[in-house]
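Q: just to be clear, the model below is a prediction. Sequence and coordinates:
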Amino acid sequence: MTSAHPPLPTLSEDIRRTLWLALPMIAAQLLQMSAGVVDSLIAGRIGSVELGAVGLGSSLIFVVLLCVIGLSNGLSPVLAKLLGESKSQELGAVFRQGTWLAAISCFIGFLLIFVLIANLELINIDQELIAPTKAYMNAAIWSLLPAMGFMVGRNFFEATENTQPVLFATVIGLIVNIFFSYSLGLGKFGMPAIGVAGIGWATTLSNACIALSFLYLLTRPNNHSYRLFVQWDWPRWSEIKKLLKISIPIAISLLFEVGLFASVTVQMGIFGRIESAANVIALQAASMAFMLPLGLSFILVARVGNALGRQDPAGIKQRLQSGFIIATVMGISTAVALILLRYQIIAFYTDEAEVVRLASIFLILAAIFQISDTSQVTFSGVLRGLQDTTVPMLTNGFSYWVIGFGGGCLLAYPLGMGAVGLWVGLILGLTACSIFLGLRLRYTLKRLHLQ
């Protein structure tokens, strides 16, 4: 890589630039998670069974949705690299092929969720949870259709480092979700009370509004130079294969990680109502904390990818340093917050004594894995920006399923730790993943002559 580039900003200036770009993405991620929290709060007002059902159903859909999103996440680093190479005139063609890829992956996800709904009894969850979980999933499944527009639009705005539109669309989606989840879930404002099904329909309507907002923003004059909609392109499989080479490992990596958390959620349903409800509370709080480094990682993908396109090794190294400093502060802050505010967090959901007791233990364990969870997603973002996704996929699979899942099951069942053992397994898996990805990033930086 060459080094003939303009002088770099200072590290503090680069940190401010990274934060300026990341804050809208972080806010958007938090708002998206807030929609899930709202759904759980409303489900909790209906009953603890409904709370567990929404948690289980949303987790199963989320696993599939993240795989679908993962198949489109190769678009962002590819577009960012094109911008770094001053090939913005090629963005439109790649964008349109990315849209076809998103459509195909959404259709596959749609079929997978239908199969899950039809075979929910085979998971061996608590019988009380089956009917309401199906009711929720039968409504929320339609959210995958607008997810296509959502994921393509977000990847474009990430790559072009124009993150405010993502926040704008997410705010609209949250408002729609709150209104319809409250109205249809509890029967307010003259609407029928259809319970968890109403909460599922609110998710679908929310995603539809986000997709329409993105479509409007993508057609604004400031994006005309990218020629996104100048012509109709049929799928070109040679171009789609290039995107898939990057995005398939990303999708599988996401499946490994989210699948681990979903497997814990499913096993909590097998343990019983108390464990399932406590897990929903703690997992949503931990997920809210995770949105901070996740939003940051999206920007690191774009910024590192752009520097890679410019063949700027010093820029890559500085952006890594900025991201890691910000991520470390985030990890420490969220860990402290989860410990100090755990009872206040639980009080938003329930006052049932057994649920409170178990959820407080889970939140302490969630605080312990904040540093490793924050660092692994930061390393992952930088590696994706460098278009290094295959080896990270393999390390994720080993970390989450051999160490995390295997260790958690060993602790939960033969060693008798029960539900708590599964959460200790999460700590083991995330810590191993962070270490392995850090080693992989070090190797990749050396290969690019950055160390």
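A: That came through, no problem. Numbers count the residues shown, from 1 in each chain.

Q: report the contact partners of residue 339.
A: 363, 364, 367 (CB atoms under 8 Å, 6 or more residues apart in numbering). All C-beta atoms are positioned from the backbone trio N, CA, C, and that covers glycine.

Q: okay if I get these as TSV plus neighbour count?
A: Compiled in TSV, these are given as follows (neighbours: other CB atoms under 10 Å):
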residue	neighbour count
363	23
364	14
367	20
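
Q: name the nearest residue to residue 135, ignoring sequence neighbours.
A: residue 197 (4.4 Å; CB to CB, 6 or more residues apart in numbering).

Q: against residue 189, how distant is that neighbour?
A: Going from residue 197 to residue 189 by CB to CB, to the nearest Å gives 17 Å.

Q: over to residue 360?
A: 35 Å.

Q: with residue 32 instead?
A: Residue 32 is 24 Å from residue 189, by CB to CB.

Q: neighbour-wise, which of those two wins?
A: The neighbour count for residue 32 versus residue 189, taken as other CB atoms under 10 Å, is higher for residue 32 (21 against 10).

Q: mind telling me what element residue 51 is part of?
A: helix 48-70 (DSSP states H and E).

Q: need the pLDDT of residue 404.
A: If you check residue 404, the pLDDT there is 94.

Q: is it true that it touches residue 425?
A: Yes. With contact defined as CB atoms under 8 Å, residue 404 counts as touching residue 425 (5.1 Å).

Q: between those two, who's got more neighbours?
A: residue 404 (29 against 26).

Q: give the helix, strand or coil label for residue 415.
A: Using DSSP: H, G, I helix; E, B strand; the rest coil, the structure places residue 415 in coil.

Q: contacting residues for it?
A: Contacts of residue 415 (CB under 8 Å, 6+ apart): residue 421.

Q: could you rerun that using 10 Å?
A: 409, 421, 424 (CB atoms under 10 Å, 6 or more residues apart in numbering).

Q: out of everything not next to it in sequence, what's closest to the first one?
A: Counting by CB to CB, 6+ apart, residue 409 lies nearest to residue 425, which is 7.0 Å off, once chain neighbours are set aside.

Q: and the one you found, what element?
A: Residue 425 belongs to helix 419-447, assigned by DSSP H and E.

Q: what pLDDT, on average, does that helix get?
A: 93.

Q: picking up where we left off before, which strands and helices sit next to the helix holding residue 51?
A: Packed against helix 48-70, as judged by 3 or more CB pairs under 10 Å, 6 or more residues apart in numbering; DSSP states H and E, are the following elements: helix 11-46, helix 91-118, helix 127-140, helix 144-159, helix 164-186, helix 196-218, helix 237-271, helix 273-309.
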